[in-house]
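Novice: Predicted model and sequence follow; I will ask about them next.
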Amino acid sequence: MKKMLALVLAAVMAFSMAACGGGSGSTATSGATSTDSTAASGSATAATGVTVQVGPNPETLDPALNSAIDGANMLITAFEGLLIVDENNQVQPGQAESYEVSEDGLTWTFHLREGLKWSDGTDLDANDFVYTYKRVADPNTAAPYSATAVGMIAGYEEAMNGNPDALQVEAPDALTFVVHLSYPCTYFDKLAAFATLSPVQQETIEANGDSWATAPETYVSNGPYYMTEWTVGQQIVFSKNPYYKGGWDTSKIVSETITFLLMEDSTAAYTAYTTGQAQLIKDVPTEEIPSLTKAEDGGDFYVDPIMGTYYLSMNDQVEPFNDVNVRKALSLAIDREYVANTLMQGTYSPAYKLTGPGITDADGSSYMDNSDYDVIPTDYEEAKKQAQEALAEAGYPNGEGFPTITYSTNDSGYHKAVAEYLQQCYKDVLGINLEVEVVEWSSFTPQRRAGDYQMARNGWVLDYNDPSSMLELFMTGNGNNDGKYSNAEYDEMMENTKIADKDERFANLHAAEKIAMEDYAMIPLAFYNDFWLQSSSLKGSWHSPYGYWYLQYAYVE
């Protein structure tokens, strides 16, 4: 889930590529930030529309293919899964009015509401969920969240080997959808609310191919709003869906339209906000931050923690990043305190682990606080010394003979400032050279996913309150494993988390993260906050600790 300003000021936006999708019905320690979300019917006139800016033109609005927060914010407006997530981050009935789980935790049975319809007025039933889940598992779809979303369903491995019909999901009748798991998955209810598993209409996909999700005429959805305009690079408009039936209270869905301005330029977004065109913008110019008044002080500038980590990816498939000592040196050389507290003006916090604040452990306590590993020593001078020793161990004393690194980043917020810091840091501490490649956002995510880079800016926001939402990224073959990291010991430990015993499961999650940290699978840099400007006239919306803005009940007063 961006535009980069060549400023050494802190950025205001949170990384837009994080976890999308995941059902978020968790007991997060940070709750949603609400703006009078109890809007009553009639609070807005029929002509009222809401306009927001949460990112640039989305890479895709196909639920199965999206992996960015900006796209997810639009998907949760236009689609609805079996379950939804409310303002308190609790899972509630969505397209399914109820569900039950078998005693062994392996069979989940969802009972759909009667009279469900698509936005084109045709009937929606349990068979549409069968099609959707199998499509996510189908290797031809190449869904980046495939393993995360449906990997626990029986038959998944066979499905991924080219037989999607092997996935054990069924529709005994039009109103019943049954999922058979290969192991107990205690957070499957959260996955059932995941944007990736939003139902998609088989007819429109088969008739239009990949282009189905690129135009209002073919973009059939089932949520409270449906797409009526997509002007590429300018805006996407969603209008109230007259056929909607589901978990959201239709008496509170009062705005006729929700418009998403598609802007990469934070200055343009700021102008749209200050002139009243938009009631909410995510991309705030970094130079404006010092003059803004925070919401708690009566202003319109919001800062809200989210469960995510800004980190650096290294392509482990190419030299010299396939050497653990090189990865170690590149990580230990960084002064995270300086990056977070000076470069980013204290808006983020330094990250010495991969999983950060807000994530809960088996007993409800802080998962991060219970971990016994840090990526570097707390003494930065000692860390620099160890970085230099690691580089020498790799065969490059004082950087001698080390190839020039190309560091890829998109052009927004503080990303370029981080890149410039890395250039200087690596030169001063390690004696190596780094070149910066700035890539447009529309190309950056696909390039990273394809492994067409050496070292790159990256980040992830959890989809649900469970460490696996972050840790699964580094399993061999995961669709979001941009670094192509592969460690058999790590994979085995993650496989050992697929058990019912909660205490043992979380112990294995801690063990897996320790393996990844000691192997320097990535370089954690900072823990995220979201920053945005929101007019006091915007009511009924809320922001979740997973980086989503819920606009179903939003209206302008």
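Specialist: The structure has been received and is ready for your questions.

Novice: quick one, phi/psi of the closest residue to residue 187 other than its chain neighbours?
Specialist: With sequence-adjacent residues excluded and distances taken as CB to CB, 6 or more residues apart in numbering, residue 187 is closest to residue 466, at 5.1 Å. For the C-beta atoms, the positions are set from N, CA and C on the backbone; glycine is no exception. Backbone torsions of residue 466, given as degrees, to the nearest 10, read phi -160, psi 130.

Novice: cool, and residue 525?
Specialist: Given degrees, to the nearest 10, the pair of backbone angles that residue 525 has is phi -120, psi -50.

Novice: got the contact list for it?
Specialist: Contacts for residue 525 (CB atoms under 8 Å, 6 or more residues apart in numbering) come out as 309-312, 334, 336, 339-340, 350-351, 418.

Novice: Which one of these sits in the busiest neighbourhood?
Specialist: residue 310 (28 neighbours; other CB atoms under 10 Å).

Novice: my guess is it is in a strand, correct?
Specialist: Yes - counting by DSSP: H, G, I helix; E, B strand; the rest coil, residue 310 is located in a strand.

Novice: quick one: pLDDT of it?
Specialist: pLDDT for residue 310: 96.

Novice: Let me see the contact set for it.
Specialist: Contacts of residue 310 (CB under 8 Å, 6+ apart): 15, 348, 351, 457-459, 524-528.

Novice: would you list those in a markdown table and tack on secondary structure?
Specialist: Below are the contacts of residue 310 laid out as a markdown table (three-state DSSP):
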| residue | secondary structure |
| --- | --- |
| 15 | coil |
| 348 | coil |
| 351 | coil |
| 457 | strand |
| 458 | strand |
| 459 | strand |
| 524 | strand |
| 525 | strand |
| 526 | strand |
| 527 | strand |
| 528 | strand |
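
Novice: Kindly indicate which of those residues lies nearest residue 487.
Specialist: residue 524 (16.7 Å; CB to CB).

Novice: Save the contacts of residue 525 as JSON lines, and put in distance to residue 358 too.
Specialist: Shown next, in JSON lines, are these (distance: CB to CB, whole Å):
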{"residue": "309", "distance to residue 358": "11"}
{"residue": "310", "distance to residue 358": "15"}
{"residue": "311", "distance to residue 358": "16"}
{"residue": "312", "distance to residue 358": "22"}
{"residue": "334", "distance to residue 358": "23"}
{"residue": "336", "distance to residue 358": "19"}
{"residue": "339", "distance to residue 358": "20"}
{"residue": "340", "distance to residue 358": "17"}
{"residue": "350", "distance to residue 358": "16"}
{"residue": "351", "distance to residue 358": "13"}
{"residue": "418", "distance to residue 358": "23"}
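
Novice: any idea which of these is closest to residue 429?
Specialist: Nearest to residue 429 among those, with distances taken as CB to CB, is residue 334, at 8.5 Å.

Novice: Check the gap between that closest one and residue 422 for me.
Specialist: To residue 422, residue 334 is 7 Å away according to CB to CB, to the nearest Å.

Novice: what does residue 180 give?
Specialist: For residue 180 relative to residue 422 (CB to CB), the value is 47 Å.

Novice: Looking at those two, which is more packed in?
Specialist: In this view residue 180 and residue 422 are compared by other CB under 10 Å, and residue 422 has more residues nearby, 24 against 16.

Novice: Any buried residues in the helix or strand harbouring that one, and which?
Specialist: Taking DSSP states H and E as the criterion, residue 422 maps to helix 415-430. Within helix 415-430, the residues scored as buried using 16 or more other CB atoms under 10 Å are 415-419, 421-423, 425-426, 429-430.

Novice: and it, C-alpha only, in CSV?
Specialist: Only the C-alpha atoms of helix 415-430 are listed here, as CSV (Å, rounded to 0.1, in the frame of the first residue of the first chain):
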residue,chain,number,x,y,z
HIS,A,415,12.0,7.2,0.6
LYS,A,416,14.6,9.2,-1.4
ALA,A,417,15.9,10.7,1.9
VAL,A,418,16.4,7.1,3.2
ALA,A,419,18.1,6.2,0.0
GLU,A,420,20.5,9.1,0.2
TYR,A,421,21.2,8.2,3.8
LEU,A,422,22.1,4.7,2.8
GLN,A,423,24.5,6.0,0.2
GLN,A,424,26.4,8.0,2.7
CYS,A,425,26.2,5.4,5.5
TYR,A,426,27.5,2.5,3.4
LYS,A,427,30.3,4.6,2.0
ASP,A,428,31.4,5.9,5.5
VAL,A,429,30.9,2.6,7.4
LEU,A,430,31.7,-0.1,4.9
